[in-house]
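Enquirer: Just a sequence and a predicted model for now, questions to come.
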Amino acid sequence: MTNTARQQSRGSFNKWGPWALLGVSVVAAAMSARVTGMDRTGMTAAAVLVPAAVVLQGCWAWVRRRRPGPSRTGVCLYALRWAIGFLLTWANPFFAFYAVTGYYTAGLDLPRRLVLPGLFLTAVTMSGSEIGGWPPHGLLLWLGFLLVLAVNMGMVSVFTRYAQQEQEHAVVQADTIGELERTNAALQQALDENAALHAQLLVQAREAGVADERRRLAAEIHDTIAQGLTGIIAQLQVVANAPDLATARTHLERASALARHSLGEARRSVHNLAPVELAAAGLPEALEKTVAEWGERTGARAEFTVTGTAEPLHEEISATLLRIAQEALSNAARHARASRLGLTLSFMGEEVSLDIRDDGTGFDPAAVPARTRAGGFGLAGMRARAERIAGTLTVESEPGHGTAVSARVPLVRDDH
């Protein structure tokens, strides 16, 4: 039975039980009047005390509704009811059915320090009725009374202790339930906050992904289409100043090839495919071709070298290194005015290194802005590309002493 069910059952008994027990006592006493030898005095006492018990019970119910719990009024009512029960039991032992109510109401009416004395008084009344009625006649009945009283008090002590344990358990259980409710409320609040934070992180991740993709596409366009258009413009400028038709035709063919190449890069960027140079060849072959074409366009001496054992690289690693090389070559063509350039691809165990060195005019790396006024990405874009795949990029240059660009990235092999 749950605590709620126990409380409801106890409340029902406290409300109707005393009335029922009083009624049973009256009927039993009336039926046993001749057997117990109830005299006229006893009958008169019963006739007076039973209505008094009825009035007292009504007062008790009224007080309990207005002021539940132990009080001075409750102590007085308990004492009066015990006195009425004791006198009725003296008149007829069967009134013990009514007197037993004291066992159940002691905890309701009496303060904690008076509960045991109140139970003792009720036990005295009950023990007297159990030996045949008050007063005991003779030594033997008095001994019997004391023995029955001891048994009653023993049982009262046991049941009182059990009731206290039940009450303490109920208090602990109520505290536990309250703590669980508070914990559940805190947990629900944490879950709500976590859900809100998760939603916020999703939004931030989406925004970061969009921003990163924009930067990637911007760098991609800069490294491909913009560089191709720059090359086309340079070739057309040569055509405009060409001394003869053959020279003009040669540069026009180079401009046309650059235009077709840029168109392929534009289509690849739209479809987010690998660079055109890597579509049918590995990174070493793509770099060798890129360096050769650069040397042919600029007229500078360009060399490409591979060191270590070449391995097939993941497409993202290959694309990143190729774009860094293209940007470095574009910078060398536009700004360095180099006559000689060397590009080395090195496979070094768990790393891949790309080194580009030229003998151009050089510059002060600390004086280079993050982005040029023309909107290019330059060194910052190259460094961002390397860092995106957990790599690094270093630049060594000095005015009049050329430039060295070195990119080192993890060697991630192609799984295909």
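Expert: That came through fine.

Enquirer: after the helix or strand of the chain with the lowest mean pLDDT, next one along is what?
Expert: Lowest by mean pLDDT, DSSP states H and E among the helices and strands of the chain is helix 33-36, with a mean of 60. Next along the chain after helix 33-36, taking DSSP states H and E as the criterion, comes helix 40-66.

Enquirer: Validate this expectation: residue 404 resides in a helix.
Expert: No - applying DSSP: H, G, I helix; E, B strand; the rest coil, one finds residue 404 to be strand, outside a helix.

Enquirer: State the distance from it to residue 338.
Expert: For residue 404, the distance to residue 338 (CB to CB, to the nearest Å) stands at 12 Å. C-beta coordinates here come from the backbone N, C-alpha and C atoms, glycine included.

Enquirer: Which residue of these two possesses the greater neighbour count?
Expert: For residue 404 versus residue 338, neighbours defined as other CB atoms under 10 Å are more numerous around residue 338 (22 against 17).

Enquirer: Could you look up the SS state of the more buried one?
Expert: Here residue 338 is recorded as coil under three-state DSSP.

Enquirer: For it, list the residues it contacts.
Expert: 300, 332, 358-360, 402 (CB atoms under 8 Å, 6 or more residues apart in numbering).

Enquirer: Which pLDDT value goes with residue 343?
Expert: With respect to pLDDT, residue 343 scores 96.

Enquirer: which element is it on?
Expert: Secondary structure from DSSP H and E places residue 343 in strand 340-348.

Enquirer: Go ahead and name everything in contact with that strand.
Expert: By CB under 8 Å, 6+ apart, the list of residues contacting strand 340-348 reads 283-284, 287, 291, 294-295, 300-311, 321, 325, 328-329, 332, 352-359, 411.

Enquirer: and the helix or strand residue 125 falls within, what does it pack onto?
Expert: Taking DSSP H and E as the definition, one finds residue 125 inside helix 112-130. When contacts are defined as 3 or more CB pairs under 8 Å, 6 or more residues apart in numbering; DSSP states H and E, helix 112-130 packs onto helix 72-91, helix 96-99, helix 101-109, helix 139-221.

Enquirer: And the next helix or strand after the last one, what does it pack against?
Expert: In this case it means helix 139-221. For helix 139-221, the succeeding helix or strand toward the C-terminus, using DSSP H and E, is helix 227-240. Applying 3+ CB pairs under 8 Å, 6+ apart, one finds that helix 227-240 makes contact with helix 245-271, helix 283-298, helix 315-331.

Enquirer: Looking at these, which one is packed in the most?
Expert: Neighbour counts (mean count of other CB atoms under 10 Å) averaged over each of the helices and strands packed on helix 227-240 peak at helix 315-331, with a mean of 22.
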